[in-house]
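Chemist: Got a predicted structure plus its sequence, pasted below:
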Amino acid sequence: MTLTLLSFGPGGWGSTLLIGALMTIAVAVTSFAFGLVPGALAAMASRSPHAWLRALALVYTTLVRGIPELLVIYLFFFGTSSMIMAIVRLSFGYGGYIEVNAFAIGVLSVGLISGAYSAEVIRGAIASVPKGQVEAAMALGLKRWVIVSRILFPQALRVALPGLNNVWQTTLKDTSLISVTGLAEIMRSANMAAGVTHEPFTFYLVAALIYLLFTWGSARLFARAEIFSGRGLKEARP
Amino acid sequence: MTLTLLSFGPGGWGSTLLIGALMTIAVAVTSFAFGLVPGALAAMASRSPHAWLRALALVYTTLVRGIPELLVIYLFFFGTSSMIMAIVRLSFGYGGYIEVNAFAIGVLSVGLISGAYSAEVIRGAIASVPKGQVEAAMALGLKRWVIVSRILFPQALRVALPGLNNVWQTTLKDTSLISVTGLAEIMRSANMAAGVTHEPFTFYLVAALIYLLFTWGSARLFARAEIFSGRGLKEARP
Amino acid sequence: MVMDGCCLAADDETTGPDPVRIDRKATAGDRDPGAAADRETIIEADNLEKWFGAHKVLDGVSLEANRGDVIAIVGSSGSGKSTLLRCMNLLETPDAGSLRFRGEQIAFDGAPHERARRKQVERLRSQVGMVFQAFNLWDHRTVLENLMEGPRFVLGLSRREAADRARAYLAKVGLSGKENAYPAHLSGGQQQRVAIARALAMAPHAILFDEPTSALDPELVGEVLRVMRQLAAEGTTMVIVTHEMAFARDVASRLVFLQGGRVAAQGAPRDLFGGGAPQRLRDFLSGGGERAP
Amino acid sequence: MVMDGCCLAADDETTGPDPVRIDRKATAGDRDPGAAADRETIIEADNLEKWFGAHKVLDGVSLEANRGDVIAIVGSSGSGKSTLLRCMNLLETPDAGSLRFRGEQIAFDGAPHERARRKQVERLRSQVGMVFQAFNLWDHRTVLENLMEGPRFVLGLSRREAADRARAYLAKVGLSGKENAYPAHLSGGQQQRVAIARALAMAPHAILFDEPTSALDPELVGEVLRVMRQLAAEGTTMVIVTHEMAFARDVASRLVFLQGGRVAAQGAPRDLFGGGAPQRLRDFLSGGGERAP
């Protein structure tokens, strides 16, 4: 019976779950990548000589990290729709309810959460690059962007990878919370299947296995990236 | 109007929110404390000479950390109620629906999540205590539990506190997910108020502020504990 | 720098004002009315073997420490001298051989009654002090608390009794006034003296010293050796792994030279530092070993 | 150990087979058909001042490096010698004074046109090589890539041209065959020679050396000094902060002695190492300074 429920044929939820799994990957990758932007900006701001930039970075990371992820999503969901409705009402006089795009809200909110954690990882990684590595590049007359892209970034990435792996895993899991906005990712798909079939445990278990598959697979990718970026280190001697 | 909504009088949601906030603290503290038990056990198991104990600890932490928190709660909620219903049906022949206690399920699931993260913190903290500190105690003939409670534990705690602070903050936020089981903590209270008043943004904002207050307050407590446990370190010289 | 400092410290030991330049055996005999052969045997290690993986660190070492003995164990690094010392209070468990403490056979790992064995080992350890190279003071406790821990929780003294005893031994190593300091705020030499006081506070039958001055800056070696010299003069039974040859020659009643996990030579320092030493010990003494004078 | 090794290296420098025992000024004059006074001035620092917080590190230092000069800057630690060197390619920005590079005035921080200033500083730096005490090779790039980075991204050479040039300079410092090694797999001496080749690959008008042998094990100092000696013999303009007095005496055309952020003495090494030195320099040379012979 369980196998029938999970099949791809009629009466089976296989295709619903598959589409949900793909949607989860899409949201997670987009959110994580999008989150690297505020993350990198906040990391740079926290190393800035300007106190207000440092304060801004601190407020961003502290606020986002101190509020439950689910609440951040709710705030964005209702905040954005209220704001858009207000704008539309003022501009066009239309006062009805406007549904905002769940994918966009999801990426925005989960991405900003992800960014708050990336910021700390990136900040630490940049700080870990010895000053002399950059000075040697400056002494050759290399331009600033060459130094950042070819010296600072590759060396910081090496240190950042384990931390970014953690942030990625958290982001992947956080996408499950977007299910509350109605986006049909794997969690929402399992929800629906559970509600219709009255077999919640089965479907949540399948969803859990899919998440484990994702975290296991991405951990392997990160491990490879770490080996690659660690080339040239003493321990990596052939 | 917002002030009326938040007041403690009739038509105000003040008392609902207050009770929700207190419930959040109760669940969070209980879950965190309960989580220290599997956390400490897994930490010890991961240092055990027995391979199967190490494997068990690894499976526990990997599984729980790889599955979204919300899903862990769902699994426990539906898993436990199915199990209890099955037992009751087999024992007493009663086949109706049995609601399990939401507080208990919440503490059980969030506590086990918390424990998976505590495990890593505790393991690292124990490993950080220099071997010589324990050997010096053994050389005096101190009994094992005296060494653990008076030498190993206080020194490990010092190292563990920042990590435990992180775990605590995550646990506090994770309690918001228990709202899906119907437990009236702050998130659920805000949900209800939002649904009745159609002012979701206001109530989610209030809930967010309450969480920030909690994280800020507990961070201060942890900072004090760190200063206290750091006495005797070189940097702490008066 | 290192060699200079070391030589200075050693010079200090041999030429400085020193009231205790005596033949240890003779003094011990003087204090003990019986003949030397009658003195109680504290620790008796017989044919100890110890493997670390595929490497045999101890290859059948026997050693007997009688009351009042000051035994210096010397040898190059890797000769097994620290392992031998650590076996003597079972911080390392020997793989073969036997160990007797005041005549009582000590069981090793795998003994039938694990609980009984552990109790026996704890009892043995409480009667044999140990001073480590890295001091190993508990850095979350004050100096006084470091000294009180053993008397309170092993000997069962009250907090007040333990504190009184701790203060007495702290005075003995010249550190009165440091009761409430934390170890991290003391110099290395002071820390090691506290560690010696911690061992003394248990009133042990013998004290094992595992390279007690090797982690110290050269200028701090002297203060620790002075305390050890005083203990020797008072008849304390001591087994000392050391690189301080001048100290070993002056203070030890017996010198044990380990090489490759075996006792390559042993005897009175007078004899071994004279012409009577085997060639390989002479090689070691003439600078082949580390920090030899 | 440290002192011994250092002295050995210095001995090696003075007594070893050495084809380049020459008066630098004279040779420079020989190569350059004009008179010494006509030689081009590469770097001209005038009355530089630098504060670190409330501490004045440079207190009005002037220094002129002409083409072919080998200037050794000596002085005890804290005398400001590294800061002076780092000011000369604006790794540190002086607080007062002026700096000219081949006659062109270099603007400091706070100049009206920040963008123009940065371009000028980058141009200056590309024409002045720098060798650091800690080598500062990029450890995520191979040796060859370390040498290619500047030629490719500053001088605009193609990948192939940069690789050819890199190989040539690698051969010059005696490290052919190490092209694909990563810095972490080389000895300190080899790393420093790669760092020198990295500076040379930019064909700079001058190279600044910031204590190039201070981070090296004593037995590796010689190989780096040998390369620097060869560069000097070829007429490379060099400014060297160093503690290697024997090397400074033999190779430098001019010795600059810094004390408390001021030039306390300068002149030909022959004169300063002879009787003509002021008392404080003689004190420094006779062992007051670190690692002086």
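Modeler: Ah, there it is.
Chemist: how far away is residue C:193 from chain A?
Modeler: Taking CB to the nearest CB, to the nearest Å as the measure, residue C:193 falls 39 Å from chain A. Using the backbone N, CA and C atoms, a C-beta is placed for each residue, glycine as well.
Chemist: Which other helices and strands does the helix or strand hosting that residue contact?
Modeler: Following DSSP states H and E, one finds residue C:193 within helix C:188-200. Applying 3 or more CB pairs under 8 Å, 6 or more residues apart in numbering or on different chains; DSSP states H and E, we find helix C:188-200 packed against helix B:131-139, strand C:128-131, helix C:143-153, helix C:159-172, strand C:206-210, helix C:218-233.
Chemist: so can I have a markdown table of the ones you listed showing distance to chain A and mean pLDDT?
Modeler: A markdown table is the format used below for the helices and strands packed on helix C:188-200 (distance: least, CB to the nearest CB, whole Å; pLDDT from 0 to 100):
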| stretch | distance to chain A | mean pLDDT |
| --- | --- | --- |
| helix B:131-139 | 23 | 95 |
| strand C:128-131 | 35 | 96 |
| helix C:143-153 | 36 | 95 |
| helix C:159-172 | 44 | 95 |
| strand C:206-210 | 31 | 96 |
| helix C:218-233 | 32 | 92 |
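Chemist: can you list the ones you listed in CSV and add mean neighbour count and distance to chain D?
Modeler: Output for the helices and strands packed on helix C:188-200, formatted as CSV (neighbours: other CB atoms under 10 Å in any protein chain shown; distance: least, CB to the nearest CB, whole Å):
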stretch, mean neighbour count, distance to chain D
helix B:131-139, 20, 27
strand C:128-131, 26, 28
helix C:143-153, 24, 35
helix C:159-172, 17, 37
strand C:206-210, 25, 25
helix C:218-233, 20, 13
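Chemist: closest one to residue D:205 among those?
Modeler: Taking CB to CB as the criterion, helix C:218-233 is the member of these that comes nearest to residue D:205, at 48.3 Å.
Chemist: ok, then the element right after the closest one?
Modeler: Next along from helix C:218-233, by DSSP H and E: strand C:238-241.
Chemist: what pLDDT, on average, does that next one get?
Modeler: Averaging pLDDT along strand C:238-241 yields 96.
Chemist: Tell me if it is near chain B.
Modeler: No - using CB under 8 Å from any CB of the partner chain, strand C:238-241 never reaches chain B; the gap is at least 13.2 Å.
Chemist: so how far is that strand off the chain centroid?
Modeler: Its chain's average C-alpha position is 3 Å from that of strand C:238-241, according to CA atoms, centre = their mean, to the nearest Å.
Chemist: Name every strand pairing with it and say which way it goes.
Modeler: strand C:70-74 (parallel), strand C:206-210 (parallel) (DSSP bridges).
Chemist: Next up, the contacts around the residue nearest to the spatial centre of chain A.
Modeler: Geometric centre of chain A, nearest residue: residue A:32, 2.8 Å, by CA atoms, centre = their mean. The contact partners of residue A:32, by CB atoms under 8 Å, 6 or more residues apart in numbering or on different chains, come to A:111, A:114, A:167-168, A:171-172.
Chemist: And residue A:151, by the same measure?
Modeler: Counted by CB under 8 Å, 6+ apart, residue A:151 has contacts A:133-134, A:137, A:142, D:138.
Chemist: can you narrow those to ones near chain C?
Modeler: Answer for those near chain C: none qualify (CB under 8 Å from any CB).
Chemist: what's the closest of those to residue D:95?
Modeler: residue A:134 (22.2 Å).
Chemist: thinking that closest one is in contact with residue A:152, fair?
Modeler: Yes - in this structure residue A:134 lies within contact range of residue A:152 using CB atoms under 8 Å: 6.2 Å.
Chemist: And the pLDDT for the closest residue to chain D within chain A?
Modeler: For chain A and chain D, the shortest gap (CB to the nearest CB) falls at residue A:141, measuring 2.9 Å. As predicted, residue A:141 sits at a pLDDT of 93.
Chemist: Which residue, other than its chain neighbours, is closest to it?
Modeler: residue D:126 (2.9 Å; CB to CB, 6 or more residues apart in numbering or on different chains).
Chemist: can you count the residues close to that neighbour?
Modeler: When neighbours are counted by other CB atoms under 10 Å in any protein chain shown, residue D:126 registers 19.
Chemist: follow-up on the earlier one: and the pLDDT at the residue nearest to the centre of chain A?
Modeler: pLDDT at residue A:32 comes out at 96.
Chemist: For it, what is the enclosing helix or strand?
Modeler: With DSSP H and E as the test, residue A:32 turns up in helix A:14-46.
Chemist: Toward the C-terminus, what is the element adjacent to that helix?
Modeler: Past helix A:14-46, the next helix or strand by DSSP H and E is helix A:51-66.
Chemist: any idea how far that following helix is from the chain center?
Modeler: The answer for helix A:51-66 is 18 Å, by CA atoms, centre = their mean.
Chemist: And the residue nearest the centre of chain C?
Modeler: Note: chain C centre (CA atoms, centre = their mean) maps to residue C:209, 2.3 Å.
Chemist: right, and that residue touches residue C:238 too?
Modeler: Yes - counting by CB under 8 Å, residue C:209 does reach residue C:238; the two are 6.5 Å apart.
Chemist: which residues are in contact with both of these two?
Modeler: Common neighbours of residue C:209 and residue C:238 (CB under 8 Å, 6+ apart) are residue C:228.
Chemist: in the helix holding residue C:193, what's buried?
Modeler: C:188-200 (16 or more other CB atoms under 10 Å in any protein chain shown).
Chemist: Which of these sits closest to residue D:134?
Modeler: residue C:188 (28.9 Å).
Chemist: Tell me the pLDDT of the closest one.
Modeler: Confidence score, pLDDT, at residue C:188: 92.
Chemist: ditto for residue A:236
Modeler: 44.
Chemist: secondary structure class for the one residue in the stretch 51-200 of chain C that gets nearest to chain D?
Modeler: Of all residues in the stretch 51-200 of chain C, the one sitting closest to chain D is residue C:77 (16.3 Å; CB to the nearest CB). Classification of residue C:77 by DSSP: H, G, I helix; E, B strand; the rest coil places it in coil.
Chemist: and it, how many neighbours?
Modeler: For residue C:77, using other CB under 10 Å, the count is 12.
Chemist: what does residue A:101 give?
Modeler: Residue A:101, neighbours per other CB under 10 Å, totals 12.
Chemist: How much space separates it from chain C?
Modeler: 56 Å.
Chemist: what's stretch A:69-88 in contact with?
Modeler: For stretch A:69-88, contacts defined as CB under 8 Å, 6+ apart pick out A:64, A:67, A:94-95, A:97-100, A:105-106, A:108-110, A:112-113, A:174, A:177-178, A:180-181, B:70, B:173, B:176-177, B:179, B:187, B:194, B:200-201, B:204-205, B:207-208, B:211.
Chemist: I'd guess residue C:243 is in a strand, am I close?
Modeler: No - using three-state DSSP, the secondary structure at residue C:243 is coil, not a strand.
Chemist: That one touches residue C:212, doesn't it?
Modeler: No - taking CB under 8 Å as the definition, residue C:243 is not a contact partner of residue C:212, at 10.4 Å.
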